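[1] With the sequence up front, the predicted model follows.
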Amino acid sequence: RRTDKCQPCTSTFTEESVPWKAIILLVLLLKICIVMLAIPPDAFSDSYLREMVQVENLTGDFTLFFINGAKLSVYDLLWHVLQSFLAGLGICYIGVTVTYFDSLKPGICPPSPLSPRKYRALSGHTFHSSYIMAILNGAMTFFYLLWEQRSQYF
């Protein structure tokens, strides 16, 4: 007998069923994202800007540019993009992980986007909107932070 619905979980939550590797990876990634977001973009830029000014004076290479009178380097802009990307990736990872662990049987009912095809066929669910929303939350965080950082300079 085949049903198109997920069967209720009858197993109990035991110590062996805890996915410790995924939990440790989540905590480690969150710590890395927090540390990277806490470092201001100006932490290394003073010495970097001095080197670029010397290069500009010696070689005529215009690696510095001005926006509304503010002296910026390519490094500052790349650092802002990296910080925005890490924040969006962190939000996306948290959302997908919470959705994964909140399911009735993680990865099986409802299936995650990375679940094998047999689990998706058994449950009858091929599309789970919570995973899509977690990915969209990460993307919107990335674009919002880029927009906010852009408004500082323009």
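    That came through, no problem.
[2] Quick one: low-confidence residue ranges for this protein.
    Applying pLDDT under 70 to the chain flags the ranges 1-20, 37-75, 104-116, 118-127, 151-154.
[3] What's the biggest helix in it, counting residues?
    Taking DSSP state H as the criterion, the chain has its longest helix at helix 74-102.
[4] any idea how far Leu145 is from Ser84?
    4 Å (CB to CB, to the nearest Å). (C-beta placed from N, C-alpha, C; glycine too.)
[5] now Leu136
    15 Å.
[6] Would you mind telling me which of those two has the busier surroundings?
    Leu145 (19 against 13; other CB atoms under 10 Å).
[7] Let me know the helix or strand that the more buried one is in.
    Leu145 belongs to helix 129-153 when assigned by DSSP states H and E.
[8] In that helix, which of the residues would be classed as buried?
    Neighbour counts over helix 129-153 (16 or more other CB atoms under 10 Å) mark Ser130, Tyr131, Ala134, Ile135, Asn137, Gly138, Thr141, Phe142, Leu145, Leu146, Gln149 as buried.
[9] Give the full set of residues in contact with Gly95.
    Residues near Gly95 by CB atoms under 8 Å, 6 or more residues apart in numbering: Ser130, Met133, Ala134, Ile135, Asn137, Gly138.
[10] now the third one, nearest residue through space, not along the chain?
    Closest residue to Ala134 in three dimensions, ignoring its sequence neighbours and counting by CB to CB, 6 or more residues apart in numbering: Gly95, at 2.8 Å.
[11] how far away is that neighbour from Leu78?
    To Leu78, Gly95 is 26 Å away according to CB to CB.
[12] ditto for Ile23
    Counting by CB to CB, the gap from Ile23 to Leu78 is 32 Å.
[13] Same question for Phe142.
    Counting by CB to CB, the gap from Phe142 to Leu78 is 14 Å.
[14] Ok, Ile132 next?
    Ile132 is 29 Å from Leu78, by CB to CB.
[15] thinking again about what came up before, pull out the buried positions in the longest helix of the chain.
    In helix 74-102, counting by 16+ other CB under 10 Å, buried: 76-77, 79-80, 83-97, 99-100.
[16] Now do it and helix 129-153, the angle between them.
    Angle between the axes of helix 74-102 and helix 129-153 is 160 degrees (criterion: axes from the mean of the first three to the mean of the last three CA atoms, to 10 degrees).
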